[in-house]
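Trainee: Pasting a predicted model and its sequence here:
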Amino acid sequence: MDIAKNILLLKRSLPAHVRIVAVSKMQPVSALLEAYHAGQRMFGENKVQELIAKQSQLPSDVEWHFIGHLQRNKVRYLASFIAMIHSIDSLKLLHEVNMEAGKLNRVIDCLLQFHIASEETKFGMDMLEANLLLESKACLSMKNIKIAGVMGMSSFSDDADLVRSEFRNLYEIFQRLKLLHFQGQDTFQIVSMGMSGDYLLAIEEGSNMVRIGTAIFGDPNN
């Protein structure tokens with residue numbers, strides 16, 4: 001697997017405004033370093049312990065993104081270095097991130113995760129829950145988090161029309177939230193959707209951040 005070549009081909013094929021988070025879960029540090037030397041700086045992990053182990057072995061200018069379901073009692077292990085948390089699905093979790101970031105005088109970028117897939121196993125909020133979160137006094141008083149956009153995962157399906165409709169739904173949620181809660185604020189700008197199998201569809205439907213693993217590193221199980 002030529003990681004450097006894969007990154008180059010991806011960057012050439014994507015619009016300039018779309019950023020790539022290299023999903024490096026289950027990959028050895030050597031593979032991450034190969035991607036790093038090819039110019040990749042944003043890496044995404046979904047396990048706290050694995051992320052911490054890798055963070056200590058990679059250069060300090062790597063921008064780490066946490067993309068998995070995050071338990072509140074694990075936030076403190078990431079707070080000193082994490083650049084963005086993609087998986088905020090409750091006010092309690094957001095409060096924990098704000099509290100731990102505050103202890104370190106940091107501001108952590110966060111994405112609100114929405115449940116857009118047909119599978120019930122996926123995490124995420126709905127529009128009502130998001131509005132209640134964003135309108136709460138607790139959220140409005142938080143100084144150490146920045147809500148930078150939204151994230152969602154499509155159904156694991158070969159039905160392109162289904163996947164496209166789910167991506168379109170997330171982009172419409174993003175637009176409604178921007179109108180209701182972030183009008184005139186340039187900080188709310190990220191739509192994180194699309195992975196190796198469906199990122200082209202996601203970009204067509206408004207994604208400006210894609211989470212790519214297999215198309216960069218190959219299948220970690222092989």
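Mentor: All right, it came through fine.

Trainee: Only C-alpha atoms from now on, for both contacts and neighbour counts.
Mentor: Noted.

Trainee: helix/strand/coil for residue 133?
Mentor: Under DSSP: H, G, I helix; E, B strand; the rest coil, residue 133 falls in the helix class.

Trainee: Count the neighbours of the nearest residue to residue 215 once chain neighbours are set aside for me.
Mentor: Spatial nearest neighbour of residue 215, chain neighbours left out: residue 196 (5.5 Å); criterion: Cα to Cα, 6 or more residues apart in numbering. Residue 196 sits with 15 neighbouring residues when counted by other Cα atoms under 10 Å.

Trainee: How about the one 3 residues further on?
Mentor: Burial of residue 199, expressed as a neighbour count using other Cα under 10 Å, amounts to 19.

Trainee: need the strands for this structure, in chain order.
Mentor: Assigned by DSSP state E, the strands in the chain fall at 19-23, 42-45, 63-66, 84-88, 108-114, 145-152, 190-192, 209-212.

Trainee: Same list (those) but as TSV, adding mean neighbour count.
Mentor: TSV is the format used below for the strands of the chain (neighbours: other Cα atoms under 10 Å):
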stretch	mean neighbour count
strand 19-23	23
strand 42-45	23
strand 63-66	22
strand 84-88	26
strand 108-114	24
strand 145-152	23
strand 190-192	27
strand 209-212	23
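
Trainee: quick revisit: you'd agree the residue nearest to residue 215 is up against residue 211?
Mentor: Yes: using Cα atoms under 8 Å, residue 196 is in contact with residue 211, at 7.3 Å.

Trainee: Need the residue closest to the centroid of the chain.
Mentor: The centroid of the chain falls nearest to residue 86 when counting by Cα atoms, centre = their mean (3.5 Å).

Trainee: Just the buried positions in the top helix by length along the chain, please.
Mentor: Determined from DSSP state H, the single longest helix within the chain is helix 160-181. Neighbour counts over helix 160-181 (16 or more other Cα atoms under 10 Å) mark 162-171, 173-175, 177-178 as buried.

Trainee: Which member of these is positioned nearest residue 96?
Mentor: residue 177 (22.3 Å; Cα to Cα).

Trainee: which residues sit in contact with that closest one?
Mentor: The neighbourhood of residue 177, defined by Cα atoms under 8 Å, 6 or more residues apart in numbering, consists of residue 131.

Trainee: and the gap between it and residue 167?
Mentor: In this view, residue 177 and residue 167 are 15 Å apart by Cα to Cα, to the nearest Å.

Trainee: same thing with residue 36?
Mentor: For residue 36, the distance to residue 167 - Cα to Cα - is 29 Å.

Trainee: What about the closest residue to residue 140 other than its chain neighbours, how many residues nearby?
Mentor: Nearest-residue entry for residue 140: residue 134, 7.0 Å, with adjacent residues in sequence omitted and distances by Cα to Cα, 6+ apart. Using other Cα under 10 Å, the number of residues around residue 134 comes to 17.
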